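1. With the input below, show me the fold.
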Amino acid sequence: MTNKKEITKLFFEAGNLKMVPRSGWFLCGVKQPESVAEHSYRTALIAYVLAEKKGLDNAKAMKMALFHDLHESRINDAHKVAARYMNKKETEKKAVDAQAKDYGFLKEYSPLMKELFEEKTEEAKIVIDADYLECAFQAKEYLEQGYKNAQDWLDRIGERLITEEGKEIFKILLTSDSKEWWENLKKQ
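-> Next up is the predicted model:
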């Protein structure tokens, strides 16, 4: 039986992600970027929908996406410039291994993260694209708020997408307005 104290520790650790800002946006001048927790939520939603659209295991993709940045509660979020000076993949794997040991009751955590890091399965590819797409949606929103340097994120993300589903959504995103969803609701 799982020790409830260990479960409580996990929930506090995961809660810390609400205070970890997505650091790459500081390079764009965003003073209060979204948190890793906020990013992970929309990434999980995107992964679920893309996996569903492709006929894959959407629950598996969603769980993988939900877990994909949990390790950042221990190592923080390192943007691309900072990552140039460290072995980011090794650091992430070390943090995941430590969390898997500390929270052994999370039976799927380590295998899902291993699958994601290996980038071989269709669900892992969907989650990778979901992670990039979430950044693209955020970049589009920041661009519309006047952070012109967010355009660089949009330009580079399009080159990194690997699934057809991800590429299709990205094309639509580029010509969309983030306000469309609620502007139409006001008219009804």
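2. close enough to count as contact, E13 and E72?
-> No. The criterion here is CB atoms under 8 Å, and E13 misses it with E72 at 10.5 Å. No exception for glycine: its C-beta is placed from N, CA and C like everyone else's.
3. Who has more neighbours out of those two?
-> Legend: neighbour count by other CB atoms under 10 Å for E13 and E72, higher for E72 (22 against 15).
4. Now for the more buried one: which residues touch it?
-> L17, V20, V36, A95 (CB atoms under 8 Å, 6 or more residues apart in numbering).
5. Tell me the most packed of those residues, by neighbour count.
-> Going by other CB under 10 Å, V36 tops the contacts of E72 with 26 neighbours.
6. quick one: L45 from V127, how far?
-> 12 Å (CB to CB, to the nearest Å).
7. before we move on, which element is the nearest residue to K18 once chain neighbours are set aside in?
-> The spatially closest residue to K18, leaving aside those adjacent along the chain, is A37, at 4.4 Å (CB to CB, 6 or more residues apart in numbering). Here A37 sits within helix 36-54, counting by DSSP states H and E.
8. neighbouring contacts of that helix?
-> Outside helix 36-54, the residues that touch it by CB under 8 Å, 6+ apart are 14-15, 17-18, 20-22, 57-62, 64-66, 68-70, 72-73, 77, 122-123, 126-127, 129-131, 133-135, 137-138, 163, 165-166, 169.
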